[in-house]
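Student: coordinates for the following, if possible.
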Amino acid sequence: MNRYTTYTILSMIEEMEARRGFWTQLAFPNVITFDTDVVEFDMKRGGKPVAPFVSPMVGAVPLGRTGYMTKQFKAAYIKLKSTVTPTDALMRMAGEGYNNEQMSPAARMDMLMAQELQRHDELVSNRIEWMAAKTIIDGQYVVEGEDYQRTLVDFGRPATLNVALAGAAVWSAITSSPIDDLENMAQLIRRESRGAVADTVVMHTSAWQLIRKHSDLRDRLDKDYDRRINQTNLDTGIQTDPIGLNYVGRLDSKLDLYVYDDYLTDDNGEDVALMPDNTVIVMARGAMEGAQYHGAILDGGAGFQPLRMYSKSRTSWDPTGEELLSQSAPLVAPKRVNTWGVINVD
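Tutor: Residues are numbered from 1 along each chain as shown. Down below sits the predicted model:
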């Protein structure tokens with residue numbers, strides 16, 4: 001008999017604290033499910049066309065219909081499997097006491113299964129965070145794996161929104177004007193997107209260390225962190241905002257500044273930075289409409305429903321043990337690809 005029913009596993013998932021990464025919180029907070037093979041976006045180019053002049057004695061100028069472009073993206077697929085054996089359940093767990101403080105083998109088996117389920121959830125969350133980071137920093141990401149055809153998910157972000165500073169403009173030079181660079185990118189985003197207003201800046205720690213040396217930054221950061229003593233975040237250091245992001249203040253009452261420096265561990269056990277040094281992202285977060293999309297789980301046990309993660313277990317007879325399988329079909333995508341820009345500042 002299987003001790004770990006779907007209901008038991010779902011209950012265990014509900015009790016876990018949701019783990020969300022920096023980019024999924026900041027740029028892709030919405031969660032959308034779909035039960036089709038692909039998700040589609042209808043993209044309509046904006047603009048401000050003007051009415052043509054004509055003589056009142058001639059016919060009106062006929063106006064054609066404005067078109068749109070449909071982009072399709074297919075969700076990736078993830079399958080994770082773990083096996084907990086009776087031998088595992090007989091070994092003392094990390095942090096477990098000795099003698100009378102020890103758990104029974106059955107209780108230890110339950111704990112091991114819960115830990116494996118948590119690990120599956122963290123691995124899926126980390127992959128979604130990787131997709132989100134790649135979307136923002138590179139404008140694309142590659143889905144590939146064992147027996148999985150290499151697929152490039154390219155959102156077609158305009159190349160004009162990638163800017164590399166050089167010469168006297170790099171932020172390490174005293175002749176540079178970092179705030180002007182941020183404002184110029186904000187204006188470029190507004191023009192490319194036909195009206196999106198930038199409201200967020202994310203800087204790699206190395207870029208923050210460069211911009212904070214410029215004297216005009218202090219004068220233009222809002223002094224609203226502690227009004228009693230008229231301090232800016234330059235005085236108090238990096239703060240954690242309500243959703244756990246590294247916040248350094250608001251510039252000119254319109255741009256929220258965040259500092260970012262995170263990594264994920266690759267298949268070789270190496271820590272790999274998600275964002276290159278001296279990189280700055282300027283974003284119109286609301287206009288981007290970034291979301292995490294979750295496709296149908298290709299498993300009859302899940303009823304082919306679209307779920308963030310579906311897990312199930314079974315008891316194997318020979319050799320005996322508990323086998324846990326988790327599946328996910330995630331896609332991270334922005335609705336408007338011209339609402340953020342990337343600056344290499346040094």
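Student: ok, Pro178 touching Leu210?
Tutor: Yes - if you go by CB atoms under 8 Å, Pro178 and Leu210 touch, sitting 7.3 Å apart. The C-beta positions use only the backbone N, C-alpha and C, and glycine is treated the same way.
Student: ok, and what's touching stretch 128-135?
Tutor: Contacts to stretch 128-135, defined as CB atoms under 8 Å, 6 or more residues apart in numbering, come from residues 20-24, 27-28, 76, 140-141, 155, 264, 274-275, 290, 292, 330-334.
Student: go with 6 Å
Tutor: 21, 23-24, 28, 141, 264, 274, 330, 332 (CB atoms under 6 Å, 6 or more residues apart in numbering).
Student: reformat those as TSV; add neighbour count and secondary structure.
Tutor: Output for the contacts of stretch 128-135, formatted as TSV (neighbours: other CB atoms under 10 Å; DSSP: H, G, I helix; E, B strand; the rest coil):
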residue	neighbour count	secondary structure
Gly21	19	coil
Trp23	27	helix
Thr24	22	helix
Phe28	26	coil
Tyr141	19	strand
Leu264	15	strand
Leu274	20	coil
Pro330	21	strand
Val332	28	strand
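Student: for the residues you listed, which one is nearest Ala196?
Tutor: Within the contacts of stretch 128-135, the smallest distance to Ala196 is 16.4 Å, found for Phe28 (CB to CB).
Student: so the closest one makes contact with Gly290?
Tutor: Yes - assessed by CB atoms under 6 Å, Phe28 is found in contact with Gly290 at 3.9 Å.
Student: about what we covered before: quick check, nearest of the contacts of stretch 128-135 to Ala296?
Tutor: Out of these, the member with the shortest distance to Ala296 (by CB to CB) is Pro330, at 11.9 Å.
Student: what's the closest non-adjacent residue to that closest one?
Tutor: Ile128 (5.2 Å; CB to CB, 6 or more residues apart in numbering).
Student: pLDDT wise, what is the one you found at?
Tutor: pLDDT for Ile128: 94.
Student: what is the burial count for it?
Tutor: 25 (other CB atoms under 10 Å).
Student: look at it and give its secondary structure.
Tutor: helix (DSSP: H, G, I helix; E, B strand; the rest coil).
Student: now do Val259
Tutor: Per three-state DSSP, Val259 ends up strand.
Student: same question, Gly269
Tutor: coil.
Student: got a list of what it touches?
Tutor: Gly269 neighbours (CB under 6 Å, 6+ apart): none.
Student: could you do Ile189 as well?
Tutor: 196, 198, 284, 341.
Student: overlap of the contact sets of Pro178 and Leu210?
Tutor: Trp171.
Student: quick one, phi/psi of the residue nearest to Leu217 when sequence neighbours are not counted?
Tutor: Leaving out its chain neighbours, the residue that sits closest to Leu217 by CB to CB, 6+ apart is Ile211, at 6.0 Å. Per-residue torsions, Ile211: phi -70, psi -30 (degrees, to the nearest 10).
Student: neighbours of Ile211, how many?
Tutor: Residues near Ile211, counting by other CB under 10 Å: 22.
Student: and if you look at Leu152?
Tutor: Neighbours of Leu152 (other CB under 10 Å): 9.
Student: and it, what is it in contact with?
Tutor: Taking CB under 6 Å, 6+ apart as the test, what Leu152 contacts is Val142.
Student: quick revisit: may I see the contacts of stretch 128-135 arranged in CSV, with distance to Tyr148 and pLDDT as well?
Tutor: Formatted as CSV, the contacts of stretch 128-135 follow (distance: CB to CB, whole Å; pLDDT from 0 to 100):
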residue, distance to Tyr148, pLDDT
Gly21, 23, 88
Trp23, 23, 94
Thr24, 22, 94
Phe28, 23, 94
Tyr141, 14, 91
Leu264, 19, 90
Leu274, 22, 92
Pro330, 14, 92
Val332, 17, 93
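Student: between those, which sits nearest Arg92?
Tutor: The closest of the contacts of stretch 128-135, once distances to Arg92 are taken by CB to CB, is Leu264, at 30.7 Å.
Student: tell me the bridge partners for that closest one.
Tutor: Val272 (DSSP bridges).
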